[in-house]
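In: requesting a structural model of the entry that follows:
(2 chains)
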Amino acid sequence: MTATHYPYYPGCSLQHHTHAYQQSAEAVARVLGFDLVEMDDWNCCGATEYFSVNRLPAYALVARNLALAAEQGATELVVPCSACFLNLHKTDKNMGRYPKLGERVNRALAAGKLHYEPGTVKVRHLLEMVITDIGNDRLKERTRRPLYGLKLAPYYGCLVARPDSVFDSTEQPTAMDKMLEALGAQATSFALKTFCCGGHMTQISEDTAFGMIHRIVRNAAQSGADAIVTICPMCQLNLDVYQDAANRYFETDYHVPVLYFTQVLGLALGLTPKELGFGQEFVDARPVLDKIQDVPPPRATPARRPKNALPMPTMPE
Amino acid sequence: MDHTPRALFAMINAGMEDEVLGSNTPWYCVSCYACTTRCPQQIPITDLMYTLKEMAIRAGRYDHPHVAKFSETFIGFVEQRGRSFEAGLATRYHLFHHPQQMVKLGLMGVGMLRRNRLPLRPKSIRGTDQLQAILAEAKVIAAKEAEA
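Out: Down below sits the predicted model:
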């Protein structure tokens, strides 16, 4: 492990409506032996709203956090929310990539007696940090209660996978799949793992949002998943809180609980559901807990060739 | 959606400024960046959609004003306090723009409250003065450039 103290940017969502993510992230950190130290006086990242209508102030809003973090001595910043991650990461990258933009943002920051040198603070998503700095081998070693028998749909959402991806692929990343397998669970083959959950569409165009939520939940259910595992508070909110409404809209009856990766990881590390904030979800996650088995499920034996099958083709002598 | 992104960019090339700024396409963008990472010409489509929204607001030419109002209401709380305020955002935006949905929203709000997922009191940062000074300066710089 490279550090034991990580400067941490929780973001508004974690502190306002997704306490379970915050609580489980901190509990997991304690067990794994590192601290998430909240940076002082951070402000909102502007979500997808500010950037989309007023660009320069949006960059300045985000850059204040980077400048403050640097001033507080941080060289990296761990972010659990995908939207916050994208905005912080994008601002750091673009200020360096487009010097004219960097200069304008710094002129705005100067009005608050701040300055930010792009590249000073490395912005990291919590999942990437756990996988890189701790690693699946160590996670496997620390597993007290393997998640045998559990089928989980690894849902990355859109913002962490794109555009300056920190994972292996912008469309079909596998980093979280491997982590879930290391914990004893089975990662399902989930085609829509990086499709957008709809973001703010639930507020401005409900039927559009329901369409986006429904196709993800349906695809996860079809992949045989007992639950969806997410790394973003917005994805959790949309897929969980609006699942019922989307069901009513499409006359379907899906019940796929949506958990944070830290909750699933915490279970494997031996933490109790209560310590991990279970019970705050709308789609009841208790049935998932009952599915965990004590022994690994038997491996499916490959199907035998039927006796009356056509012979295998062979090359002529 | 009035036009696909491909059609929209063809219209930009054809100089159809009025139709482009009046199109509702950019307002349906959810900022998922799928287009940006897939475009074989490496066009940053998401950022172009943002620019089109900005231009449409400035020109007073947008079809779906309530979408812009949602963003503006969200931004209002952030500028005032440095933090977002979901309960305030939902009530203020829906009260002014979709009052008929208040009942449905209220029911969902109760569910959120019961699970301790909807704080009713907004939070603030300490450096609101500093933040507001930075944002005011950024707006001055942006306005100067829009003129030039």
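In: as a quick check, tell me the outermost residue of chain B.
Out: In chain B, B:Arg114 marks the outermost C-alpha relative to the chain mean, sitting 29.1 Å out by CA atoms, centre = their mean.
In: quick check: A:Ala187 touching A:Pro173?
Out: No - the criterion here is CB atoms under 8 Å, and A:Ala187 misses it with A:Pro173 at 11.4 Å. All C-beta atoms are positioned from the backbone trio N, CA, C, and that covers glycine.
In: re the thing from before, so the residue farthest from the centre of chain B versus chain A, what's the distance?
Out: 10 Å (CB to the nearest CB, to the nearest Å).
In: chain B contacts on the stretch 101-250 of chain A?
Out: A:104-105, A:107-114, A:158-159, A:162-163, A:165, A:170-171, A:194-196, A:198-201, A:203-205, A:208, A:212, A:241 (CB under 8 Å from any CB of the partner chain).
In: show the low-confidence segments of chain B, by residue range.
Out: B:63-64, B:94-96, B:99-103 (pLDDT under 70).
In: ranges for the helices of the stretch 51-200 of chain A?
Out: All helices of the stretch 51-200 of chain A, identified by DSSP state H, counting those that start in this stretch, fall at A:55-71, A:82-97, A:99-110, A:126-129, A:135-142, A:175-182.
In: can you list contacts of the shortest one?
Out: Helix A:126-129 is contacted from outside by A:6, A:25, A:78-80, A:160, A:166-167, A:175-176, A:179, A:231, A:261-262, using CB atoms under 8 Å, 6 or more residues apart in numbering or on different chains.
In: pick the one among those closest to chain B.
Out: Taking CB to the nearest CB as the measure, chain B sits nearest to A:Val160 out of the contacts of helix A:126-129, at 10.4 Å.
In: please name the nearest non-neighbouring residue to the most centrally placed residue in chain A.
Out: Of all residues in chain A, the one closest to the mean position by CA atoms, centre = their mean is A:Ile231, 1.5 Å from it. The shortest distance from A:Ile231 to any non-neighbouring residue, by CB to CB, 6 or more residues apart in numbering or on different chains, is to A:Leu127 (4.8 Å).
In: that neighbour: how many residues sit nearby?
Out: 25 (other CB atoms under 10 Å in any protein chain shown).
In: now B:Gln130
Out: 20.
In: name the helix or strand for it, please.
Out: Assigned by DSSP states H and E, B:Gln130 belongs to helix B:128-147.
In: could you do A:Ile228 as well?
Out: Going by DSSP H and E, A:Ile228 is part of strand A:227-230.
In: any idea which helix or strand comes after that strand?
Out: In N-to-C order, the element after strand A:227-230 by DSSP H and E is helix A:233-236.
In: which neighbouring elements make contact with that following helix?
Out: helix A:12-16, helix A:82-97, strand A:258-260 (3 or more CB pairs under 8 Å, 6 or more residues apart in numbering or on different chains; DSSP states H and E).
In: tell me if the shortest one is near chain B.
Out: No - using CB under 8 Å from any CB, strand A:258-260 stays clear of chain B, with a minimum separation of 13.2 Å.
In: and the next helix or strand after that strand, what does it pack onto?
Out: For strand A:258-260, the following helix or strand on the C-terminal side (DSSP H and E) is helix A:261-268. The contact analysis (3+ CB pairs under 8 Å, 6+ apart) places helix A:261-268 against helix A:19-32, helix A:175-182, strand A:227-230.
In: show me what counts as buried in the following helix or strand past helix A:261-268.
Out: Where DSSP H and E defines the elements, the next helix or strand beyond helix A:261-268 is helix A:286-290. The neighbour-count check on helix A:286-290 (16 or more other CB atoms under 10 Å in any protein chain shown) flags A:Val288 as buried.
In: likewise for stretch A:276-293?
Out: Residues of stretch A:276-293 classed as buried: A:Leu276, A:Gly277, A:Phe278, A:Gln280, A:Glu281, A:Phe282, A:Val283, A:Ala285, A:Val288, A:Ile292 (neighbour count, 16+ other CB under 10 Å).
In: ok, and which of the residues you listed reach chain B?
Out: A:Gln280, A:Glu281, A:Phe282.
In: apart from its neighbours in sequence, what residue is nearest the residue positioned nearest the centre of chain B?
Out: Closest to where the C-alpha atoms of chain B average out (CA atoms, centre = their mean) is B:Ser71, at 3.4 Å. Counting by CB to CB, 6+ apart, A:Glu49 is the residue found nearest to B:Ser71 once chain neighbours are left out, at 4.2 Å.
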